[in-house]
Structure formats: structure tokens, C-alpha cells
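S.K.: Here is my input; please provide its structure:
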Amino acid sequence: MAPKLKRSDAGSASKPKRSRDVLSISERVKILEMMETEEKLYAEIARLDGKNESSIHDVMKTEEKISLLYRLMRIRLKHTNPLLSYERERERERESVCVCV
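M.R.: Numbers count the residues shown, from 1 in each chain. Got it, this is the predicted structure:
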């Protein structure tokens, strides 16, 4: 019987162990936007983005969860980021000026 490989020996000497590439939320949203606006095939988007076609399929399967998570992140950013809150105040000022005119 052949000896068992240790965890450190999982990748061979010529091929290192493959690292896992996880898509960020912004990358997933970008993929969803590409699917909506450009109406391309999964394979075309995968080629353009340098990802596997299966990753694109997974993004499309979880589209609702991704969009919900993205909206929640945007809301949290608006409440914590002073620059965004400043921009929000400026928008309110513009709206009040527009209503008064």
C-alpha cells in the first residue's frame, strides 16, 4: 500500500496546490449588470472577466441574494461614510431649492 500524503504534500512538486478565487460582491454585481445590459452568454462574460463559466452560473442562480446584500451594504456605507452623508445633505438642499422655486 502506498504511503499517505501529508497535507503539505497535497500539491506536487511541479504543480502547486490551486488557490481558490472568491468573487467579491462588487464583482458579482458587475457580472449581473453585464448580463442585464449587454445580454451576453455566460461563456462570453466568463471570457471577458477571466472567470469560469460555472462561477457566472452561480452568480446568476443567487441573483436575488446578491442584489439584496449589495443594497444593504450601500445603506450601511451611506450611514457610516461621512463623505456620502455630505453628498446626501447636498442632494436634500438641492431638492428643497427645487421645491421652493
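S.K.: going forward, measure contacts between C-alpha atoms and count neighbours the same way
M.R.: OK.
S.K.: quick one: low-confidence ranges for the protein?
M.R.: Applying pLDDT under 70 to the chain flags residues 1-13, 77-88, 96-101.
S.K.: need the helices for it, in chain order.
M.R.: Along the chain, counting by DSSP state H, helices occupy 25-38, 42-49, 53-61, 63-80, 82-100.
S.K.: Can you give the contact residues for stretch 64-76?
M.R.: Ile25, Ser26, Arg28, Val29, Val59 (Cα atoms under 8 Å, 6 or more residues apart in numbering).
S.K.: Check these against Thr37 and report the nearest one.
M.R.: Using Cα to Cα, the shortest approach to Thr37 within the contacts of stretch 64-76 belongs to Val29, at 12.1 Å.
S.K.: which ones are touching that closest one?
M.R.: When contacts are counted by Cα under 8 Å, 6+ apart, Val29 touches Ile66, Ser67, Tyr70.
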